[in-house]
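Peer 1: Everything below, folded, please.
(chains A, B, C, D, E and F, ligands or ions: 6)
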Amino acid sequence: MSRFLIQFQSPTLAFLIGGIVIAALGTRLVISESIYKFIVFMLLLRVGLEGGMSIREANLAEMILPALLAVMIGIGIVLISRVTLAMLPAVRTEDGIATGGLFGAVSGSTLAAAIVVLESEAIDYEQWAPALYPFMDIPALVMAIVLANLYFKGREGTAEKVRIWPIIKESLQGSALSALLLGIALGLLTRPESVYESFYDPLFRGLLSVLMLIMGMEAYSRIQELRRVAHWFAVYAAVAPLVHGLIAFGFGYLAHVLTGFSPGGVVILAVIAGSSSDISGPPTLRAGIPRANPSAYVGASTSVGTPVAIAVGIPLYIALAEAVF
Amino acid sequence: MSRFLIQFQSPTLAFLIGGIVIAALGTRLVISESIYKFIVFMLLLRVGLEGGMSIREANLAEMILPALLAVMIGIGIVLISRVTLAMLPAVRTEDGIATGGLFGAVSGSTLAAAIVVLESEAIDYEQWAPALYPFMDIPALVMAIVLANLYFKGREGTAEKVRIWPIIKESLQGSALSALLLGIALGLLTRPESVYESFYDPLFRGLLSVLMLIMGMEAYSRIQELRRVAHWFAVYAAVAPLVHGLIAFGFGYLAHVLTGFSPGGVVILAVIAGSSSDISGPPTLRAGIPRANPSAYVGASTSVGTPVAIAVGIPLYIALAEAVF
Amino acid sequence: MSRFLIQFQSPTLAFLIGGIVIAALGTRLVISESIYKFIVFMLLLRVGLEGGMSIREANLAEMILPALLAVMIGIGIVLISRVTLAMLPAVRTEDGIATGGLFGAVSGSTLAAAIVVLESEAIDYEQWAPALYPFMDIPALVMAIVLANLYFKGREGTAEKVRIWPIIKESLQGSALSALLLGIALGLLTRPESVYESFYDPLFRGLLSVLMLIMGMEAYSRIQELRRVAHWFAVYAAVAPLVHGLIAFGFGYLAHVLTGFSPGGVVILAVIAGSSSDISGPPTLRAGIPRANPSAYVGASTSVGTPVAIAVGIPLYIALAEAVF
Amino acid sequence: MTQQATRLVIVTEKVLTKAVAAIIESYDASGYTLIAAGGMGSHNTRSSGEPSVLDHFGNIKIEVITADPDSAKKIADAVSERYAADYACIIYIDPVEVLYSHRL
Amino acid sequence: MTQQATRLVIVTEKVLTKAVAAIIESYDASGYTLIAAGGMGSHNTRSSGEPSVLDHFGNIKIEVITADPDSAKKIADAVSERYAADYACIIYIDPVEVLYSHRL
Amino acid sequence: MTQQATRLVIVTEKVLTKAVAAIIESYDASGYTLIAAGGMGSHNTRSSGEPSVLDHFGNIKIEVITADPDSAKKIADAVSERYAADYACIIYIDPVEVLYSHRL
Ligand SMILES: Nc1ncnc2c1ncn2[C@@H]1O[C@H](COP(=O)(O)O)[C@@H](O)[C@H]1O
Ligand SMILES: Nc1ncnc2c1ncn2[C@@H]1O[C@H](COP(=O)(O)O)[C@@H](O)[C@H]1O
Ligand SMILES: Nc1ncnc2c1ncn2[C@@H]1O[C@H](COP(=O)(O)O)[C@@H](O)[C@H]1O
Ligand code: NA
Ligand code: NA
Ligand code: NA
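Peer 2: Residues are numbered from 1 along each chain as shown, chains lettered A, B, ... in the order given. Ligands and ions are numbered 1, 2, ... in the order given. A predicted model of the protein is given here:
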């Protein structure tokens, strides 16, 4: 419990809540999209660089099992949404599936927030753990688009055949994954130590605090959109992050027992499972499931999903890790 | 005198003057509005955070007298403009009142510049002193809008009743005050020390230097607008900052004698009195006194008022403080 | 050879190549124009500040010969293009001249990249060396515009008299030169040490890495434009930077023998000769030689010229300097 | 569903965006489109947001397509009555033919 | 070279920019002009890029001038058929007189 | 004060903004409106300032409302004569009805 209290005073959470509060009070403070995107770039490049530099000597065979788990969890989350949210009578099936896709996908900002907490609590994790991101993100988005098309086909017999490779490519080309993978490649293949230490690393926490403020303001401003759709989206968005995170924690625990996956790595797996995409996912879904209503899935993810994933999810998994390991 | 020479070489002033000079030489250098706004946000958040963290143990009862003084000074500045500038035959009354409102209101960038100088000269001040900002800013804007409406009523009998609460709300929601108050709240209620020390504080001086460059360029580019209105606006803008600052210095001195208000605090009170709003004030006045000509008040404040307040006002009050305390 | 290998792993080059690669892979990562321009401003201000602070005690008479050489080289590069590229039958004469002008002009980002390499290899250079920039940049642009007008006159007898002063003014007012000269002035005349050390210098390498990423992405995205014009532009763009750099190296060597111009200074002279303008040059040429096709000269410079100048030129001149001095 | 309609264009100061949008909505227009603009008129030069970093008074161009020319005129009257005296403003209409819209 | 022509205007979601541009090019239009826009329509409020930092769904206003009114209508049909059901969209035409263009 | 007028639209390269504005002012137009634009025409693709960070050649759309159709044509002629050969450019006019303006 005291972990949660302390957590609420941590910059990450404090700025997130601060953003929600000032948006609720009607602030005219605006941080422009160009700055927002640059911050996301800086954070994910930094996460990637660190991962890339650290895995130069890592045994990447260790990564196979967690990566497989990430794929399974990403697909699983969408399947769960298909038989829960998407089945509710008040919810259009395609909206439910798209929402499941977004919650199966991964949020770079939530991942960065978790890394800051792990680092400040000195909890170790495999340095390739952030690289699990695409292994969960892409399968979830692909699965959602495939399921939606199957649904349309079943209903109308008109859906076209889904081509999977373009969706994967589109995901990899998204700005968040591009920055993360670029960072990994640069860290692995070149010597970016000097700029990492003088620039990307020192600015990491501060930029994250600004990003959290933006996410908070954004969360509040999207609530109105969420109100226009079925309340089930809000319910799903509040519950799903924790359910997904705990499921992933369970699988991660299994990997810990089987192959020695570290507690910190298990937390990261849980965090990316509990997070929902806020940058790259929405446009991919807008193009892949055009009939789904973006107000439903973006509203659910940004307004409720991400705050829950950060404010409740991250401290929960860390507390759990300290309890069970 | 040598203080002024040294001051002119300080980064704050040097960049301000540099901005004026390159603008006068016709530079095509542009720093975009999104960067400008982000810098203002970073500076005021930093000022707020520091204040908030420091006042956790402060005796806020001490703040009552200076806050009352700030309110009085803010209102007084507008009243003075009403019976001076606004009375001149060449000046439309509503333009004079609006200009008084802007000069009664407070400039976040001037405040930040003063804090850098105080810190580099190791002059102590009460950490809540920057929080005097809204106590002067809001009453001044409200007063100006009320006076303008009284004037219209007297002239035409048509003005609507002025509702004061919306003006206060509008002021508090402005981007500069939002950032400052958010910083205070985060500093007071949460533990932002890690990001303060790794991010907001180290970047403070550098970002201020960029802001000063922008203010200088802006000052020059507004002079043309100022030229189109009565010359009295330029005269007022050159004299008023120092008159207001000295009046505030006098009241601050009184508070020093009565309650031990620190010399640094007195300087800050003088600086915010001498400053004129450049971010939040103009739109509030544009909405509140739509018939006033923005070229008059924005031109006066940005082109002349702010450079005088920074280049002459800040070193003047510090020199005075060293002389009288 | 191993210098080149190491160089390819340096952040400067690694980010440049990284940018090319992710652009080729179709990334949707975008760093906005406002951030790009701000980075260029920060880098050139930093280069200028350092130069300005260092030359306070320098013997500027030393600068005369290298400055003369810079002027000669700038003009010479354009003359060379006039009798090579612009003479080719597949190339419109005005396009060839404009391209020569752009390659005679100087790139601030290439200069910044060279400075980072020199500093990290602890190679000394005269602190006024970056100030050679305008001495090469402006004559090259003026020369290109004059030559183009002479050509039009010869062909049609219709060209107007070229007025040179407006071109010089236009160049000096460009954003890159403005920032560099402002930095020099501030460094020379004021005391910017505190912000230089706390802000401009620590961020220098990191911001350069971001800029290199942008330049890489930009290089790739311009290749298509380059494809639409004669292949000779690509050939010229690949060869000219090194030819120009080596010519300048030769002249610099002469100055070394005659007046003791330092090896690092010679490298800088070669780098600015080998670089081609990417910010201020294109608009000046667009206005000065409106009939030239910007796809030709911008494409040649951005897609091929700058990558070659950075990736091959800089290590080449340093290796040469170590060999001959 | 080709349909004759009236395009109403209002160019005014950015600060009025919300107020004008509210007027438009109050007249039951089916929608509107907003475009950032700069310009020059009787109230001096205004920037398009680019040059002057402190320009709080950039313009906005608001376009409303209405099936009924009268509602266009009513919106124009309401805006000009309330704001035109004190703010930069120009308003014009232009007949267009709507080829597709979700509703009009 | 004054010439009667048709101005076709499509306001839709920014994500469709490339797709709509491809359709326009496939009908051999001589060019088009793109303008960032925000708006309100049957699909809720959309921002002009300014307020909401996470707005992936800003609008774009695409203008195409064609010499032949038919090709304008064909482009409109192609766009509305393929995208109008699922995306925010309004399309209208307006006769104009072209005073200068490199080709039409 | 409803008044028939001519809307002149010039889409050209951003570098020409000042020059075209000067021409417009020299013909005593009462004002003009500027809008950032991108586009495709005979001079290849131009960006709207968004995608390509080094794009110095974005477009600008300039609109001028004139009471007198002739001054619109004169402005168009002056611009096209001086710049159209070398720069990306399209110019058209469109009759509109001005409902409000401070002066025209
Ligand atoms: N004749 C005109 N043609 C086009 N736009 C105009 C014209 N006059 C005014 N405007 C636009 O309307 C805004 C307000 O005009 P004004 O109220 O005259 O200052 C200007 O900033 C321009 O954007
Ligand atoms: N009546 C209208 N007038 C002007 N623009 C409209 C109108 N209706 C819709 N729009 C624009 O078209 C976009 C899509 O409309 P909709 O498909 O109805 O959501 C809106 O976001 C507006 O930018
Ligand atoms: N047919 C057209 N329809 C709409 N805009 C056009 C058209 N042709 C050209 N433009 C615009 O005018 C600019 C210059 O065209 P151009 O001179 O043909 O390169 C283009 O970048 C477009 O913004
Ligand atoms: Na997830
Ligand atoms: Na004040
Ligand atoms: Na060169």
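
Peer 1: Going by C-alpha atoms from here, please, whenever you check contacts or count neighbours.
Peer 2: Noted.

Peer 1: what comes into contact with stretch A:224-237?
Peer 2: Residues outside stretch A:224-237 that contact it (C-alpha atoms under 8 Å, 6 or more residues apart in numbering or on different chains) are A:L85, A:A90, A:V91, A:S295, A:A296, A:Y297, A:G299, A:A300, A:S301, A:S303, A:V304, A:G305.

Peer 1: what do you get if the cut-off is 6 Å, keeping everything else the same?
Peer 2: Contact with stretch A:224-237 is made by A:S295, A:G299, A:A300, A:V304, A:G305, as judged by C-alpha atoms under 6 Å, 6 or more residues apart in numbering or on different chains.

Peer 1: Report the distance from it to the chain centre.
Peer 2: With C-alpha atoms, centre = their mean, to the nearest Å as the basis, stretch A:224-237 stands 19 Å off its chain's centre.

Peer 1: Give me the neighbour count for A:P89.
Peer 2: Number of residues near A:P89 (other C-alpha atoms under 10 Å in any protein chain shown) recorded here: 9.

Peer 1: and it, that one's in a helix?
Peer 2: No. Counting by DSSP: H, G, I helix; E, B strand; the rest coil, A:P89 falls outside a helix, being coil.

Peer 1: any idea how far it is from B:G74?
Peer 2: When C-alpha to C-alpha, to the nearest Å is applied, the distance between A:P89 and B:G74 equals 59 Å.

Peer 1: on that earlier part again, could you single out the nearest of the contacts of stretch A:224-237 to chain E?
Peer 2: Closest to chain E out of the contacts of stretch A:224-237 is A:S295 (8.7 Å), distances taken as C-alpha to the nearest C-alpha.

Peer 1: who's in contact with that closest one?
Peer 2: A:E225.

Peer 1: if we go to 8 Å?
Peer 2: Contacts of A:S295 by C-alpha under 8 Å, 6+ apart are A:E225, A:L226, A:V229.

Peer 1: Which SSE is immediately downstream of the helix or strand harbouring it?
Peer 2: Here A:S295 sits within helix A:294-299, counting by DSSP states H and E. Later in the chain than helix A:294-299, the nearest helix or strand by DSSP H and E is helix A:306-308.

Peer 1: Could I get the contacting residues of residue 79?
Peer 2: I went with chain A, as the question did not name one. Per C-alpha under 8 Å, 6+ apart, neighbours of A:L79: A:G100.

Peer 1: Correction: the question concerned chain D.
Peer 2: D:V20, D:I23.

Peer 1: quick one: it from D:D86, how far?
Peer 2: The gap separating D:V79 from D:D86 is 11 Å, by C-alpha to C-alpha.

Peer 1: Also A:V308?
Peer 2: 47 Å.

Peer 1: For these two, work out which one has more neighbours and name it.
Peer 2: In this view A:V308 and D:D86 are compared by other C-alpha under 10 Å, and A:V308 has more residues nearby, 21 against 15.

Peer 1: OK, contacts around the closest residue to that one other than its chain neighbours?
Peer 2: Nearest-residue entry for A:V308: A:A238, 6.4 Å, with adjacent residues in sequence omitted and distances by C-alpha to C-alpha, 6 or more residues apart in numbering or on different chains. Each residue near A:A238 by C-alpha under 8 Å, 6+ apart is listed here: A:V304, A:G305, A:V308.

Peer 1: and the residue of chain A at minimum distance from ligand 3, what does it touch?
Peer 2: As assessed by C-alpha to the nearest ligand atom, ligand 3 sits closest to A:S34 within chain A, at 23.9 Å. Counting by C-alpha under 8 Å, 6+ apart, A:S34 makes contact with B:S34, C:I31, C:S32, C:S34, C:I35.
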